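> Give me a 3D structure for the following:
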Amino acid sequence: MTSSVATPSIHVERTRTPRPKPKETELGFGRHFADHMFIADYVAGRGWTAPRVVPYAPFSLEPAAMVFHYGQAMFEGLKAFRLPDGQVALFRVDRHCQRMAKGAPWLSMPAPDPDFLQSAIVTLVATDREWVPASRGTALYVRPTLIATQPSLGVRPSETYSLFVITSPVGAYYTGGLKPVRIWVERERVRAVRGGIGAVKAAGNYAASLQVAEHAREKGCDQVLWLDAAERRFVEEVGTMNVFLVIGNELITPPLTGSILAGITRDAVITLARDWGLAVAERPIALDEVEAAHRNGLLKEAFGTGTAAVIQSVGTLVYDGGELMIGDGRTGSLAQRLYDAITRLQYGDDPDPHDWRTIVSMPSA
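Next up, the predicted model:
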């Protein structure tokens, strides 16, 4: 079954100077932006005001805006797809809106009501539906963002915020597709600690990962395998993705204990695998266990999951002084099966038993 959300009554100001659309073969990821954006303003005691879709353009913030000084900023990321009949569907938009509402209080920010945010996204995508590409492997990436805007240097939560949503027609996140990537095992620096904000899509989490990612590239790797902060023993995330391993006949992923983002694609993978009758475990995975499984021939696959890439196969783990090839170094059969199943759902090729697609209605004239 496919759900349908009608376009809400949000003020829409259409651009008078549409941008030229890029060729679908030249999209890249996050390089082009559609004609419009959504904006709403928050004032303490008044709530959200003036929700509107307006032409995409720079906006003005004071140099003292608190987002620049104390890092109150977070975002979400989801996609809209062109279906075979020409309709446009968002994939799991409700879960993304719920996750933003759950994460905002961790940064002392007002939680946008999930229904309000979903209405904003649907309205924006409806307005720019011609920007949703049709080629397989492409989509319209949707980026809701929440920032603190009050001009003040006092160390406290802001009293004003802006919620905005922009969209970008995109191709594949990794240009090699499912081709297995090389991953650097980071044993010193950590991504997040339990009790912190690792489970929130806070902008600062990503800033803190950039230096290690650069170090990984210098080592000839594509991304980083993050270990736990306390013991540097347990697998947590791979790059900006949740991580899965197939050991023996079991699909394993680390549990959500506060330092790992509750990925929407992670949830889809677990749901589908259980639908198929596979053994799925959400439990700690020690790096020692991974190495032992490799020695014993039981480590069959490893892959990351996330909105941008969907599924990304991991072929090799790289350490100081050594490498560990996973399986035969090629994309595993389960990673391929999951990728195919999720993308078929996203593009409307298969029935939607979990009601993950939301059809975007045509905009009103």
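> Going by C-alpha atoms from here, please, whenever you check contacts or count neighbours.
Will do.
> so where's the stretch 251-365 of the chain shaky on pLDDT?
The model of the stretch 251-365 of the chain has pLDDT under 70 over residues 364-365.
> excluding its backbone neighbours, what's nearest Glu188?
Arg232 (7.4 Å; Cα to Cα, 6 or more residues apart in numbering).
> Would you mind giving the secondary structure of that neighbour?
coil (DSSP: H, G, I helix; E, B strand; the rest coil).
> Compute the number of surrounding residues for it.
17 (other Cα atoms under 10 Å).
> Surely it and Ala192 touch.
No. Applying Cα atoms under 8 Å as the test, Arg232 and Ala192 come out as separate, 11.5 Å apart.
> Go through the helix or strand containing Asp340 and flag the buried ones.
When elements are defined using DSSP states H and E, Asp340 is found to belong to helix 333-346. Residues of helix 333-346 classed as buried: Leu334, Ala335, Leu338, Tyr339, Ala341, Ile342, Thr343, Leu345, Gln346 (neighbour count, 16 or more other Cα atoms under 10 Å).
> Can you tell me which of those residues is nearest Val238?
Ala335 (15.0 Å; Cα to Cα).
> For that closest one, give its distance to Arg232.
26 Å (Cα to Cα, to the nearest Å).
> the longest helix in this structure is where?
When the chain is parsed with DSSP state H, its longest helix is helix 203-218.
> following that helix, which helix or strand shows up next?
The element immediately downstream of helix 203-218 (helix or strand, assigned by DSSP H and E) is strand 223-227.
> elements contacting that following strand?
Where contact means 3 or more Cα pairs under 8 Å, 6 or more residues apart in numbering; DSSP states H and E, strand 223-227 is packed against strand 181-185, helix 203-218, strand 235-238.
> List the buried residues for that strand?
Using 16+ other Cα under 10 Å as the test for burial, strand 223-227 gives Gln223, Val224, Leu225, Trp226, Leu227.
> Report the mean confidence score over it.
Strand 223-227 shows a mean pLDDT of 95.
> What's opposite Met325 in the beta bridge?
Thr316 (DSSP bridges).
> quick one: the helices in this structure?
67-70, 93-103, 114-127, 203-218, 264-275, 287-295, 333-346.
> picking up where we left off before, identify the residues contacting the helix holding Asp340?
Applying Cα atoms under 8 Å, 6 or more residues apart in numbering, the external contacts of helix 333-346 come out as 81, 89, 91, 178, 268-269, 272, 301, 303, 310-313, 350-352, 357.
> And those residues, which of them are buried?
Buried subset of the contacts of helix 333-346 (neighbour count, 16+ other Cα under 10 Å): 81, 89, 91, 178, 268-269, 301, 303, 310-313, 357.
> Return the subset of these lying in strands.
Counting by DSSP state E, the part of the buried ones among the contacts of helix 333-346 found in strands is Phe81, Ala89, Phe91, Glu301, Phe303, Val310, Ile311, Gln312, Ser313, Arg357.
> Find the nearest non-adjacent residue to the fourth one, please.
Translated: Glu301. Counting by Cα to Cα, 6+ apart, Glu301 lies nearest to Val246, which is 4.9 Å off, once chain neighbours are set aside.
> do the second one as well
What sits nearest to Ala89 in space, not counting adjacent residues and going by Cα to Cα, 6+ apart, is Ile359, at 4.3 Å.
> Quick check: bridge partners of the one you found?
Ser4, Ala89.
> Please tell me I have it right and it contacts Val88.
Yes. Between Ile359 and Val88 there is a contact at 5.9 Å, judged by Cα under 8 Å.
> Have a look at these two and say which one is more surrounded.
When Ile359 and Val88 are compared on other Cα under 10 Å, the one with more neighbours turns out to be Val88, at 28 against 21.
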